[in-house]
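*Asks:* below are the sequence and a predicted model for it; my questions follow.
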Amino acid sequence: MRIPKPIRQAFPAIVLLWCMLNVSGQDPARLKLVFAGDIMGHDSQIASALQMGNSTTYDYHSCFMHIEPYIKNADIAIGNLEVTLAGPPYKGYPAFSSPDQLAQQLRHSGFDILVNANNHAIDRRKSGLERTLDVLDTLGLVQSGVFRDPADRARRYPLIVEKNGIRLALLNYTYGTNGIRVTPPNIVNYIDTLQVRKDLQKAATAEPDFIIALMHWGLEYQRTENSAQQELAEFLFDNGTDAIIGSHPHVVQPIRMMEGNRLVAYSMGNMISNQRKRYTDGGILVEMTLEKSDSTRLVDYGYLPVWVHKAATPRGTAFSLVPAATDSIHYESMGITPGDAKKMKLFLEDTRNNLTGVPERKIGK
């Protein structure tokens, strides 16, 4: 398929993404997407990664090994990277900087795109933002939501991705950055409806088959969306968005199918973190399947509930994402104690109750 010249000029990144993400031999009419919530890096997670590595290197393999097959089965996997990769000293809350090995493991585990427009995007100011972009570029992870300068944003945004003959436009915004001001010429995409409308109009010139907005919004620890989220979702849909994927509240909020077969997942909760209170110790991966014939439609969707397990190992505490519906026959091999199982089952029950009627996905374990 040849990309038209006007689109190549307006969105030069599309050529790179076509080369990176298009894989031959797949059904040209279907595209499976997987989205992950807040990828955090608290102090205990950094200490655990060091224990799993050695005195000088960090190893995050245990974090994603149980869900890696599910992520890799997606045509495109997208996560919300809610830390900077600003280099040492490594630190968790409130000014996150995680080792580069976290991003390396995300790439190895199957992630293709990371979005960075969130309230921790500039925890380490200008140098942290720019180093994060440098690391992601070096690793071959496509990024969106924050930019080095206006020229970088004009060149890369909205993010246009094409695979299996289906072209996506991806947009990413945050409600704020914890009161820290962006240092010019850096740019963070804030939720500004005037700018969002302009971006959606620009995205339309690339003639995408489907437009997805990834929004960092809502109130922390609230298990139902608020009126501001509802109003913003309506605005996005009215201006051409086909689906909305949300993050920030650190708990799972409802997934709703709106008029016109338009999906909004208000919050995926935490993907991985050290938050341990009820509702915060896990999250969901949201799955969507698109099908293109004369038009492109969302033909299937669902969620995979995942729980953060802190397993005791001879080398120390290992963080590990576990499919929350894992059968009990696997508990011993995964180091899940009866106490762990009780907490995981409570998280699963809470999540199912909040997503009544939404199809649930399961994987082997």
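*Replies:* Right, received. Where do you want to start?

*Asks:* so what's residue 91 closest to, chain neighbours aside?
*Replies:* residue 97 (5.5 Å; CB to CB, 6 or more residues apart in numbering). Placement of C-beta: from N, CA and C, glycine included.

*Asks:* in stretch 193-200, what's buried?
*Replies:* 196, 199-200 (16 or more other CB atoms under 10 Å).

*Asks:* wasn't residue 46 part of a helix?
*Replies:* Yes. According to DSSP: H, G, I helix; E, B strand; the rest coil, residue 46 belongs to a helix.

*Asks:* now do the same contact list for it.
*Replies:* By CB atoms under 8 Å, 6 or more residues apart in numbering, the contact set of residue 46 is 58, 90-92, 98-99.

*Asks:* filter the buried residues of stretch 193-200 down to just the ones in helices.
*Replies:* Secondary structure from DSSP state H places 196, 199-200 of the buried residues of stretch 193-200 in helices.

*Asks:* is it true that the residue nearest to residue 91 touches residue 103?
*Replies:* No. The criterion here is CB atoms under 8 Å, and residue 97 misses it with residue 103 at 11.9 Å.

*Asks:* now do the shared contacts for these two.
*Replies:* Here residue 97 and residue 103 have residue 85 as joint contacts, going by CB under 8 Å, 6+ apart.

*Asks:* and the residue lying closest to residue 157 once chain neighbours are set aside, what does it touch?
*Replies:* If the residues on either side of it in the chain are set aside, residue 157 comes closest to residue 144, at 6.5 Å by CB to CB, 6+ apart. Neighbouring residues of residue 144 by CB under 8 Å, 6+ apart: 113, 115-117, 156-159, 170-172.

*Asks:* how close does residue 144 get to residue 332?
*Replies:* Distance of residue 144 to residue 332, computed by CB to CB, to the nearest Å: 42 Å.

*Asks:* out of the buried residues of stretch 193-200, who's nearest residue 302?
*Replies:* Looking at the buried residues of stretch 193-200 and their distance to residue 302, the nearest is residue 200, at 26.5 Å (CB to CB).

*Asks:* wait, the closest one touches residue 242, no?
*Replies:* No. When contacts are counted by CB under 8 Å, residue 200 is not listed as touching residue 242 (10.9 Å).

*Asks:* output the longest strand belonging to this protein.
*Replies:* strand 296-313 (DSSP state E).

*Asks:* overlap of the contact sets of residue 200 and residue 242?
*Replies:* Common neighbours of residue 200 and residue 242 (criterion: CB under 8 Å, 6+ apart): residue 211.

*Asks:* just to revisit the earlier point, TSV for the buried residues of stretch 193-200, including distance to residue 228 and pLDDT?
*Replies:* What follows is the buried residues of stretch 193-200, written out as TSV (distance: CB to CB, whole Å; pLDDT from 0 to 100):
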residue	distance to residue 228	pLDDT
196	14	98
199	19	98
200	19	98
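
*Asks:* can you tell me which of those lies nearest to residue 274?
*Replies:* Within those, the smallest distance to residue 274 is 32.7 Å, found for residue 196 (CB to CB).

*Asks:* now the closest one. Nearest residue, chain neighbours left out?
*Replies:* Nearest to residue 196 is residue 173, by CB to CB, 6+ apart, at 6.6 Å.
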